[in-house]
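Student: What would the 3D arrangement of this be:
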Amino acid sequence: MSTELNFIVPGEPVAQPRHRVRTIGKRSMLYLPSKHPVHGYKAAIRAAFVAVAGKWKTIAGPVQLSVYCRFEMPKSWSKKKRSESQGILHGAKPDADNVLKAVEDALTDCGVWNDDAQVASAFISKRWSETPQTEIWIRECDPGE
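Tutor: Next up is the predicted model:
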């Protein structure tokens, strides 16, 4: 029997940024600025996961991950444009693969799996919405699939 879990993370999805480099003397150090919004997004993912996970057992094998991102429409859009855009694909920044990376990193920190390399199948969708949120579906795959 495979393990499955889904949950919703309220708030705007945020992409994983590239690390910055700081050089001190002859040593280089990679870091993410502490004020970057990705830290809050990852904390929200962890909180939503903990709220529904119960006694979660870390997945050891391959995983299927589906991420459905809903981005808030700009306040400057007219009511007509908002109505027409509800649920249609979001083709602007942030890049889908960078949002997926932020989700994978947060789930790795939660202990969903040992390493995000276990994600054997991933799906991500970006759409416009009145309510910004991220819906996450995790499913342990049978090795024979």
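
Student: C-alpha from now on. contacts and neighbour counts both.
Tutor: Will do.

Student: how many neighbours does residue 116 have?
Tutor: Neighbour count of residue 116, defined by other CA atoms under 10 Å: 18.

Student: any idea how far it is from residue 79?
Tutor: Using CA to CA, to the nearest Å, we find residue 116 at a distance of 41 Å from residue 79.

Student: Look at residue 102 and tell me its secondary structure.
Tutor: helix (DSSP: H, G, I helix; E, B strand; the rest coil).

Student: which ones are touching the nearest residue to it once chain neighbours are set aside?
Tutor: Leaving aside its chain neighbours, residue 102 sits nearest to residue 16 (4.8 Å; criterion: CA to CA, 6 or more residues apart in numbering). Residue 16 sits next to 38, 98, 99, 101, 102 when contact means CA atoms under 8 Å, 6 or more residues apart in numbering.

Student: I'd like the residues you listed laid out as TSV, including distance to residue 86 and pLDDT.
Tutor: Below are the contacts of residue 16 laid out as TSV (distance: CA to CA, whole Å; pLDDT from 0 to 100):
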residue	distance to residue 86	pLDDT
38	25	96
98	23	97
99	20	98
101	25	97
102	25	97
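
Student: The residue nearest to residue 102: helix or strand, and which one exactly?
Tutor: Residue 16 belongs to no helix or strand when assigned by DSSP states H and E.

Student: how about the residue most central in space within the chain, what does it touch?
Tutor: Centroid check for the chain by CA atoms, centre = their mean gives residue 103 as the closest residue, at 2.7 Å. Neighbouring residues of residue 103 by CA under 8 Å, 6+ apart: 42, 45.

Student: Same check on residue 71?
Tutor: 12, 13, 90, 126, 127, 128, 129, 130, 131, 132, 133.

Student: Among those, which one has the most neighbours?
Tutor: Busiest of the contacts of residue 71 [other CA under 10 Å] is residue 13, holding 28 neighbours.
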